[in-house]
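**Q** My questions are about this predicted structure, shown below with the sequence.
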Amino acid sequence: MSAWIVNKETIDRVVEGIASDTWNGQIFMGIETQTDEGKSQIGKLLWNANHRAVNQRYGEKNRAGPYRFTYQLKNNSPVQLCKSACCLRYQMSEGNVPDSKIYKELSKQIEIQQSAIVSALPEWAAADWG
């Protein structure tokens, strides 16, 4: 498996998904999601975890650097937000990062969003129950 540092737009998109009503609502890991400061805190946690995973994968010691949420929505469909989160989680799947609280919480949010996406499909409504 290879791992890489996602770009800032991916982190911003994931943070926007976490902050949206369809994902989480008002609080994520004890952080207010409706303010730019709260979004920046969440993004920094994700940014740092991505860097830790890549560093552990390749034996590097790269610093994450500063992060500040500034995302201007370009494509905020539920599918795009979820796919960006899945990409980030995959890049965070190295070393001990999957044991971290941020990884586990991101995984929960992805499961919630995937379920919402599937249950909104016409095929879901038309499928037999049982």
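**A** Perfect, I can see it now. Numbering: from 1, shown residues only.
**Q** hey, let's count contacts and neighbours off CA atoms from now on
**A** Noted.
**Q** Below-threshold pLDDT in the protein: ranges please.
**A** Low-confidence segments of the chain (pLDDT under 70): 21-25.
**Q** How are the strands of it distributed by residue range?
**A** 27-28, 31-32 (DSSP state E).
**Q** would you turn these into JSON lines with distance to V6 and mean neighbour count?
**A** Output for the strands of the chain, formatted as JSON lines (distance: least, CA to CA, whole Å; neighbours: other CA atoms under 10 Å):
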{"stretch": "strand 27-28", "distance to V6": "21", "mean neighbour count": "16"}
{"stretch": "strand 31-32", "distance to V6": "22", "mean neighbour count": "16"}
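**Q** And for H51, nearest residue in space, chain neighbours not counted?
**A** A64 (5.8 Å; CA to CA, 6 or more residues apart in numbering).
**Q** residue contacts, the one you found?
**A** W47, N48, H51 (CA atoms under 8 Å, 6 or more residues apart in numbering).
**Q** Count the residues that sit near the first one.
**A** W47: 24 surrounding residues under other CA atoms under 10 Å.
**Q** looking at it, it is touching I11, isn't it?
**A** Yes: with contact defined as CA atoms under 8 Å, W47 reaches I11; the gap is 6.9 Å.
**Q** Give me the residues contacting stretch 41-50.
**A** For stretch 41-50, contacts defined as CA under 8 Å, 6+ apart pick out 4-6, 11-12, 15, 28, 31, 64, 66-69, 88, 91-92, 97, 102-103.
**Q** Okay, and which of those residues map to helices?
**A** Among the contacts of stretch 41-50, the members falling in helices are I11, D12, V15, L88, Q91, I102, Y103 (criterion: DSSP state H).
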